[in-house]
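Visitor: heads up, no residue letters with this:
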């Protein structure tokens, strides 16, 4: 009997299966992941001191709209997002260069969907580890702030969507490996744009006016600033708008993936493995 | 006769960028990129009947991998007709993948840091096997491959032989109708090789799974396949039974003699060469075109005090090397 692949729910199940097994595989090295995340402690400590000095010199709340403690908790969330970025994108380069992509294509699971599951599994686990570790440091250096459960839930939901959106764009760039073989340069540019224009170190509200205007006009804020701002806000107001913007940005990215992937596959099919 | 694989006049051509060596060559390639046409396959015909086990062999760069990639739908042919399990791989790659099993000796599908059982569960999901059917099949394969003590151990802690047994079982969970084997025993020791070959042979015979094997290991070819296709420079240079291949290219035989007493000199005979002579044992290589084997044996029996004699074919590797050499001649 000839087996036929099922519909979208089956596909979603396969992606979740990859996600689950990636988490379990990474849990085998949880200690290593925690040690790697310890860098977060250094970053948070340095920035806490920096913000403390800034507060002493000027009215931080007036210029940014955030208290010192809020800024440090904001940084915990953005750093957790930034540090959870996996190293998997180099794998696409590697698989295209070595021809190993052929072995992945021989399975009844679309190549991008395999990487989506694996990237999300890895990222969610790292994010949680960083968030827990960062929260411990923030409690120690800045003390607790009022975190509204609805805001935290909204922040986590939008972070999850942000991971998908971020992956979609990163993967679209990684697929350029079909033509350029090494995409680490363009990946680095994208990553830096997300960090600097996405409000990783400080909220966009603290940027100079012209830079804040530019950053607000660009979509990178949807990956870090948007979810982190919800995390420290007292209400989940703005979640709907943020999710809509994220989904729109993600949809454009998904279209880019589809176009680049199809063209890349055609290139492989035509040029040989 | 139903066909699992049918390939007719398969052609694959592509352009490859070429660059002269050195810095100047690099700069020239930027200004004026040059390409050359590569003919990977030049009209290959291939048939694998349902339940048959066929070896596709050839030297590196002969076109084996290109053929296999076209069969799985990863590469699209420039011309020709391809049908695998009644499907066109170019347009039905995912559907075909649901019905293919693939074992690549140099690449693992098992998750390295987890027990093999976890990969089995994942594959059940990827191949959309209903859970009760999956459990039955898994238990059956666990018994057949003696995997029970291995399933709970991380793959990285398994020996290569144990890992390969798990790999083969993983590839069979979804009951593929065609099994593509690419160097399935590479790097294994003699016992592990034997185990893998036995398992694949049994599967082929008991479940009727069609097998397409590519391997450089003559033992794999001899023990797993009845028919062989030799490909070189993108064209089929030999296609027949493995036994015919051996007969046709078997121009030499090895005779092992055990003598009743030590002999200092052997009677000279055209086409017979002494490979080794030590004590009561003598090993001879015979060119059967120069002297038929029956004549040589009769001559030796009359001239020497023979206690025992065995006649062997030369190793399969030599036969394959002879075909490659022959196909290289203009």
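Guide: Cool, got the structure. Please read these numbers as outputs of a predicted model, since none were measured by experiment. Residues are numbered from 1 along each chain as shown, chains lettered A, B, ... in the order given.
Visitor: show me the shaky parts of chain A.
Guide: A:86-89, A:269-273 (pLDDT under 70).
Visitor: can you show me the helices along it?
Guide: A:8-27, A:30-37, A:39-57, A:60-64, A:68-83, A:89-98, A:101-105, A:111-142, A:149-174, A:177-180, A:184-197, A:209-217, A:225-232, A:239-271 (DSSP state H).
Visitor: quick one: contacts for the nearest residue to residue B:175 once chain neighbours are set aside?
Guide: Counting by CB to CB, 6 or more residues apart in numbering or on different chains, residue B:175 lies nearest to residue B:137, which is 6.8 Å off, once chain neighbours are set aside. Placement of C-beta: from N, CA and C, glycine included. Going by CB atoms under 8 Å, 6 or more residues apart in numbering or on different chains, residue B:137 touches B:129, B:172, B:173, B:175.
Visitor: who wins for neighbours among these?
Guide: The most crowded member of the contacts of residue B:137, judged by other CB atoms under 10 Å in any protein chain shown, is residue B:172 (24 neighbours).
Visitor: my guess is that residue meets residue B:206, correct?
Guide: No. The pair residue B:172 and residue B:206 fails to qualify as a contact (CB atoms under 8 Å) at a distance of 11.6 Å.
Visitor: and the most centrally placed residue in chain B, what pLDDT?
Guide: Chain B has residue B:215 as the residue nearest its centroid, 2.6 Å off, counting by CA atoms, centre = their mean. Here the pLDDT value assigned to residue B:215 is 85.
Visitor: count the residues that sit near the nearest residue to it once chain neighbours are set aside.
Guide: Distances taken as CB to CB, 6+ apart put residue B:183 closest to residue B:215, at 5.4 Å, once the chain neighbours are dropped. With neighbours defined by other CB under 10 Å, the count for residue B:183 comes to 17.
Visitor: which residues sit against stretch A:212-220?
Guide: A:193, A:194, A:197, A:198, A:199, A:204, A:205, A:207, A:221, A:225, A:245, A:249.
Visitor: buried ones only from those, please, as a ChimeraX command.
Guide: Selection of buried members from the contacts of stretch A:212-220 for ChimeraX, criterion 16 or more other CB atoms under 10 Å in any protein chain shown:
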select /A:193,194,197,198,199,204,207,221,225,245,249
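Visitor: show me the residue at the heart of chain A, geometrically.
Guide: residue A:163 (4.0 Å).
Visitor: for chain A, which residues are neighbours of chain B?
Guide: Listed as neighbours of chain B in chain A under the rule CB under 8 Å from any CB of the partner chain: A:2-6, A:10, A:13-14, A:17-18, A:21, A:24-25, A:28-29, A:100, A:102-103, A:105-110, A:268-273.
Visitor: please repeat the previous calculation with a cut-off of 7 Å.
Guide: Counting by CB under 7 Å from any CB of the partner chain, chain A comes close to chain B at A:2-6, A:10, A:13-14, A:17, A:21, A:24-25, A:28, A:100, A:102-103, A:105-109, A:268-273.
Visitor: just the buried members of these?
Guide: Counted by 16+ other CB under 10 Å, the residues of chain A next to chain B give A:3, A:5, A:14, A:17, A:21, A:24-25, A:102-103, A:105-109, A:268-269, A:272-273 as buried.
Visitor: give me every residue in the stretch 51-200 of chain B lying close to chain A.
Guide: Counting by CB under 7 Å from any CB, the stretch 51-200 of chain B sits next to chain A at B:65-66, B:69, B:72, B:74-76, B:85, B:94-95, B:97-100, B:102, B:104, B:107, B:111, B:113-114, B:118, B:122, B:125-128, B:174.
Visitor: that'll do, ta.
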